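Q: Sequence and predicted structure below; questions after.
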Amino acid sequence: MTITATSLAEAMDTQQTTLKLTSTAAFPAVGSTGLAQLIRVDDEVLLVDAVPKTSFVHVRTRGDEGSATVTHAAGAPVLTSAAVTDWPALAADLSASLYRVARCTLTENGAATSYTASFVIPPGAILVDIRVIARVLWNGTSASLKVGDTADDDGFFTGVNLKATDLLVNEVLSLTEESLWGGKNGAYLVSATGQRGPTTSNFGLSYVAGSTITAIVTPGAADGTAGRTDIVIVYALPTTVTQVVV
């Protein structure tokens, strides 16, 4: 097996057919055309047909092998092989890997005026959970966390004190478990109605239009250096089933 790993050097949207990679060593020489080489970016399979210039490849088709055409962040893992015998392995386990888990550790550094973690949620995705995990308490004069999306930056959680009280070490806030809201739920989380997400463009946990989930910490004037908070996002890319009308 000769599968080679590289990564995206730049983010890509759902319309792009030219990809910038951190390395094209696994591809033919620059200027090559008429190729047919599979690559896998995250869980999307694409067919490369040319290497137009250094660090770039061009794809003829996207969303091959039943995979979904989605956006990809810079740094996303890329697997490829010129050997046709490796292609089944490249496309293997796609059905088992439709759940995507991403984590960012917000880290207090004594100098920043804000700390932000951003997670792109592709159109059609189902948001499964957001978890905020306290690893080390923040020790500046203050540290307030909010979690939301493009439409409402504190829609999920708001005013979370990362120094104490709201989220102690090893405690967790969770979108899906009401008992783990800690009284810090934003407008998207409504106990009485069962609301769990936005109500315009995206609906509940169904992000039909896509969005970006953000977690933002605003520190006080005297920023500390101890704080560590994990933000974990879980979403799924479901298989679309066509309804039967009778």
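A: Looks like it arrived, so ask away. Numbering: from 1, shown residues only.
Q: Break the protein down into its structural domains.
A: Per automatic domain parsing, the structural domains of the chain span 4-96, 99-236.
Q: Put together CSV for those domains, with distance to Thr242, mean pLDDT and mean neighbour count on each row.
A: From N, CA and C alone the C-beta is placed, and that goes for glycine too. Below are these laid out as CSV (distance: least, Cβ to Cβ, whole Å; pLDDT from 0 to 100; neighbours: other Cβ atoms under 10 Å):
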stretch, distance to Thr242, mean pLDDT, mean neighbour count
domain 4-96, 15, 88, 16
domain 99-236, 14, 93, 17
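Q: Compile the ones you listed into CSV and extend it with columns for distance to Val246.
A: Below are those laid out as CSV (distance: least, Cβ to Cβ, whole Å):
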stretch, distance to Val246
domain 4-96, 27
domain 99-236, 25
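Q: Just say helix, strand or coil for Trp87.
A: helix (DSSP: H, G, I helix; E, B strand; the rest coil).
Q: no wait, Phe27
A: Assignment for Phe27 (three-state DSSP): coil.
Q: Which neighbouring residues are in contact with the nearest residue to Glu44 once chain neighbours are set aside, exactly?
A: Spatial nearest neighbour of Glu44, chain neighbours left out: Ser67 (4.8 Å); criterion: Cβ to Cβ, 6 or more residues apart in numbering. Shown in contact with Ser67 (Cβ atoms under 8 Å, 6 or more residues apart in numbering): 43-45, 91, 94.
Q: any idea which of the residues you listed is closest to Leu205?
A: Asp43 (19.4 Å; Cβ to Cβ).
Q: was I right about that closest one contacting Ala68?
A: Yes: counting by Cβ atoms under 8 Å, Asp43 touches Ala68, with 7.4 Å between them.
Q: coming back round to it: among the domains of the chain, which comes closest to Gln243?
A: Using Cβ to Cβ, those put domain 99-236 closest to Gln243, at 15.6 Å.
Q: related to what we said a few turns ago, could the contacts of Ser67 be laid out in JSON lines, adding secondary structure?
A: As requested, the contacts of Ser67 are exported to JSON lines (three-state DSSP):
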{"residue": "Asp43", "secondary structure": "coil"}
{"residue": "Glu44", "secondary structure": "strand"}
{"residue": "Val45", "secondary structure": "strand"}
{"residue": "Ala91", "secondary structure": "coil"}
{"residue": "Leu94", "secondary structure": "coil"}
